[in-house]
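Colleague: no sequence for this one, just the structure:
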């Protein structure tokens with residue numbers, strides 16, 4: 001019973017963190033999960049745990065699809081280039097899954113890890129939103 005309660009509390013914490021995250025933080029959270037999935041998939045492939053590897057690779061594909069869909073070519077001239085990388089990686093992950101090819105998984109990690117680091121650096125450079133000023137008497141409304 002305790003582990004079920006802990007799992008529910010962890011899930012609620014994660015939901016709250018996602019709902020309250022800035023767009024920059026959401027992006028880094030997606031990249032963190034993406035690389036976690038890929039490293040788990042790589043480990044599962046090396047251990048020939050194909051079902052586990054497939055689950056991780058499919059989740060990684062979902063994240064890549066979300067990242068690609070969020071790109072705005074009208075707002076950023078680098079969007080199409082990044083979309084090309086996402087398309088390539090998505091195809092590599094399908095191949096990694098269907099052919100049980102750990103080298104394709106490693107290739108995806110090698111392509112995405114520098115992007116993950118770059119997005120973290122960029123997110124850290126964005127100033128945090130200012131906290132609302134307290135209302136009269138030192139109390140905030142809300």
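Modeller: Now that the structure is in, tell me what you want to look at. Since we're looking at a predicted model, the values are computed, not measured. Numbers count the residues shown, from 1 in each chain.

Colleague: separation between the residue nearest the centre of the chain and residue 56?
Modeller: In the chain, the residue lying closest to the centroid (CA atoms, centre = their mean) is residue 30, at 1.6 Å. Residue 30 sits 15 Å away from residue 56, going by CB to CB, to the nearest Å. Where you see a C-beta, it was placed from the backbone N, CA and C, and this is true even at glycine.

Colleague: can you check residue 79 too?
Modeller: Distance, residue 79 to residue 56, by CB to CB: 27 Å.

Colleague: show me the helices in this protein, by range?
Modeller: 2-20, 23-46, 50-69, 79-98, 102-125 (DSSP state H).

Colleague: give me the helices and strands touching the fourth one, please.
Modeller: Using 3 or more CB pairs under 8 Å, 6 or more residues apart in numbering; DSSP states H and E as the contact test, the elements touching helix 79-98 are helix 50-69, helix 102-125.

Colleague: and if you look at the third one?
Modeller: Contacting helix 50-69 under the criterion 3+ CB pairs under 8 Å, 6+ apart are the following elements: helix 23-46, helix 79-98, helix 102-125.

Colleague: just send these back as JSON lines, with distance to residue 52 and mean pLDDT too.
Modeller: Shown next, in JSON lines, are the helices and strands packed on helix 50-69 (distance: least, CB to CB, whole Å; pLDDT from 0 to 100):
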{"stretch": "helix 23-46", "distance to residue 52": "4", "mean pLDDT": "96"}
{"stretch": "helix 79-98", "distance to residue 52": "12", "mean pLDDT": "98"}
{"stretch": "helix 102-125", "distance to residue 52": "13", "mean pLDDT": "97"}
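
Colleague: which among those is found nearest to residue 69?
Modeller: Nearest to residue 69, of all the helices and strands packed on helix 50-69, is helix 79-98, at 9.3 Å by CB to CB.

Colleague: give the buried residues for that closest one.
Modeller: 86, 89-90, 92-93, 95-97 (16 or more other CB atoms under 10 Å).
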